[in-house]
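Colleague: give me the fold of what follows.
(one chain, ligands or ions: 1)
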Amino acid sequence: MSYRCGIGYDLHRLAEGRKLIIGGIEVPYEKGPVGHSDGDVVAHALCDALLGAAGLGDIGTHFPDSDPQWKGANSLLFLEHARKLLDEKHFVIEYVDAVVILERPKLGPHFPKMREALAKSLRVPVEKIHLKAKTNEGVDAVGRGEAIAATLSPRSRRSEFGLHRKSASGGLALQGALELPNVHARSHPVSPGARKPFSRR
Ligand SMILES: [Zn+2]
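Modeller: Now for the predicted structure:
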């Protein structure tokens with residue numbers, strides 16, 4: 001079994017006349033994100049994080065903003081596509097943790113619907129999606145209400161089931177296109193110094 005933690009970040013400017021789409025739903029507000037697609041920071045950052053953890057590039061690789069077919073696109077489509085790519089590589093999404101940074105409006109009341117929309121796109125139980133909201137304490141563009149940002153950290157697990165087949169000699173042969181599980185861990189051995197924070201517990 002191979003575990004992967006991804007990280008994703010996104011920011012969009014906010015402007016009047018745009019719908020505020022976050023986590024796949026529309027939140028009533030006077031401004032919305034400027035972007036080629038619907039500007040959904042949660043969907044974009046999550047897509048990047050899922051693809052990155054699986055070694056499959058990023059959102060720009062799969063959905064270039066120069067492509068007219070993605071103009072005004074519902075970003076949940078990007079997530080669904082990322083989920084399919086992960087499926088093909090035998091990755092199972094275990095958990096998604098998110099922070100949305102926005103000065104106004106309050107997002108808490110909208111989280112249940114966002115979680116539902118994201119869970120549906122990723123085909124995971126809604127309990128696996130966790131959302132949190134922060135303001136930027138009035139600082140910088142986000143704090144002035146000029147932008148929205150999100151940072152996402154999903155965890156996925158690569159199932160070995162389906163990766164291996166019996167070779168003619170009875171041994172196991174790798175079928176997947178990605179590296180063997182734990183290759184990443186072996187190539188970055190933990191130094192004794194790096195273990196200190198844990199041993200001090
Ligand atoms: Zn974006």
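
Colleague: report the mean confidence score over the helix or strand harbouring Cys47.
Modeller: Per DSSP states H and E, Cys47 falls inside helix 41-53. When pLDDT is averaged over helix 41-53, the result is 97.

Colleague: which helix or strand lies directly C-terminal to that helix?
Modeller: Moving toward the C-terminus from helix 41-53, the next element (DSSP H and E) is helix 59-62.

Colleague: in the chain, what residue comes closest to the ion?
Modeller: Going by CB to the ion, the ion is nearest to His44 of the chain, at 3.4 Å. Yep, even glycine has a C-beta here, placed from its N, CA and C like the rest.

Colleague: bridged to the residue lying closest to that residue once chain neighbours are set aside, which residues?
Modeller: Excluding the flanking residues, the one nearest His44 by CB to CB, 6 or more residues apart in numbering is Asp10, at 4.2 Å. Assessed by DSSP bridges, Asp10 has beta-bridge partners Ala150.

Colleague: give me the neighbour count for the residue nearest to Phe78 when sequence neighbours are not counted.
Modeller: Distances taken as CB to CB, 6+ apart put Cys47 closest to Phe78, at 4.8 Å, once the chain neighbours are dropped. Residues near Cys47, counting by other CB atoms under 10 Å, number 30.

Colleague: surely Cys47 and Gly8 touch.
Modeller: Yes: shown here, Cys47 and Gly8 form a contact pair, counting by CB atoms under 8 Å, at 7.1 Å.

Colleague: mind giving me the packing neighbours of the helix holding Cys47?
Modeller: The elements that helix 41-53 packs onto, with contact taken as 3 or more CB pairs under 8 Å, 6 or more residues apart in numbering; DSSP states H and E, are strand 8-16, helix 59-62, helix 76-88, strand 91-101, helix 111-122, strand 147-158.

Colleague: again, only this time at 6 Å
Modeller: strand 8-16, helix 59-62, helix 76-88, strand 147-158 (3 or more CB pairs under 6 Å, 6 or more residues apart in numbering; DSSP states H and E).

Colleague: correct me if wrong: Arg18 contacts Gly32.
Modeller: Yes: Arg18 lies in contact with Gly32 (CB atoms under 6 Å); the separation is 3.1 Å.

Colleague: which one of those two has more residues nearby?
Modeller: Gly32 (23 against 18).

Colleague: give me phi/psi at that one?
Modeller: Taking degrees, to the nearest 10, you get phi -150, psi 170 for the backbone angles of Gly32.

Colleague: quick one: it and Lys19 touch, right?
Modeller: Yes: shown here, Gly32 and Lys19 form a contact pair, counting by CB under 6 Å, at 4.6 Å.

Colleague: in this protein, where is pLDDT below threshold?
Modeller: 161-201 (pLDDT under 70).
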